[in-house]
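A.B. asks: quick one, fold the following:
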Amino acid sequence: MFKKLFGLDKKKEATPVQPQQEMVHAPLTGKLIAIEDVPDPTFSQKMMGDGFAIEPSEGKVVAPVSGEIMQVFPTKHAIGIKTPGGAEVLLHIGLETVNMKGEGFTAHVKEGDKVKLGDALVDFDLDLVKEKAASTITPVVITNMDDLDSVVKEPATETVAGETPLLTIKSKG
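C.D. replies: From the prediction side, this is the model:
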């Protein structure tokens, strides 16, 4: 009743969404690899989306963007982050690491956590992944390409975790 009395029952006009530009940085220190060169067809053929991959030189993964943790796989080998602009970023540590059942992985985040660029996400035993998985190559994929206006790859060869800019993403307006 008070809402009607004071005119608070009127629906607010939807504010038009402004296109937003965001930068995806390297989540790992190592060597940049084109997504097309990842030795796994799911990633190299962009079945899940476009992005890049890194052959890590150390076992520390940091947030490549600020956003919300949407998923931490039970085996801790993969994490999904949603940016404020709506991009969905999947980090998949190594190839065929799901078979390790979490061995050698320590997650520092859980679903629903808010992270900032550079925050620690996962530590992993690089030597153990080299021994037990198909590869240490870590794809980083934008899984909702259709929801975005553009994704532009930045030039780089070597990466520094949390510092090297690798993708410029523009959301739709």
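
A.B. asks: for the longest helix along the chain, packing partners?
C.D. replies: Secondary structure of the chain read by DSSP state H shows that its longest helix is helix 126-132. The helices and strands touching helix 126-132, judged by 3 or more CB pairs under 8 Å, 6 or more residues apart in numbering; DSSP states H and E, number zero. No exception for glycine: its C-beta is placed from N, CA and C like everyone else's.

A.B. asks: report the distance from it to the chain centre.
C.D. replies: 22 Å (CA atoms, centre = their mean, to the nearest Å).

A.B. asks: try stretch 84-94
C.D. replies: With CA atoms, centre = their mean, you get 2 Å for stretch 84-94.

A.B. asks: what's the following helix or strand past the longest helix of the chain in contact with?
C.D. replies: Using DSSP states H and E, the helix or strand that follows helix 126-132 in sequence is strand 138-142. The contact list for strand 138-142 (CB atoms under 8 Å, 6 or more residues apart in numbering) reads 24, 27-28, 35, 38, 40, 43, 46, 48-56, 61, 64, 87-95, 148, 151, 166-167, 169.

A.B. asks: and stretch 93-104, by the same measure?
C.D. replies: 38-40, 43, 61, 73-78, 105, 122, 124-125, 128-129, 132-139.

A.B. asks: whichever of those residues end up buried, select them in PyMOL.
C.D. replies: Here is the PyMOL selection string for the buried members of the contacts of stretch 93-104, based on 16 or more other CB atoms under 10 Å:
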select buried, resi 38+40+43+61+73+75+76+77+78+105+122+124+128+129+133+135+136+137+138+139
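
A.B. asks: which stretches in this protein count as strands?
C.D. replies: Counting by DSSP state E, one finds strands in the chain at the ranges 21-25, 30-34, 50-56, 60-62, 67-72, 78-82, 88-92, 105-107, 114-115, 120-124, 138-142, 148-153, 158-159, 165-171.

A.B. asks: just to check, T106 is in contact with F124?
C.D. replies: Yes. If you go by CB atoms under 8 Å, T106 and F124 touch, sitting 7.3 Å apart.

A.B. asks: any common contacting residues for these two?
C.D. replies: Common neighbours of T106 and F124, using CB under 8 Å, 6+ apart, are K76.

A.B. asks: returning to what we had before: pLDDT of the longest helix of the chain, averaged?
C.D. replies: Helix 126-132 shows a mean pLDDT of 97 in the predicted model.
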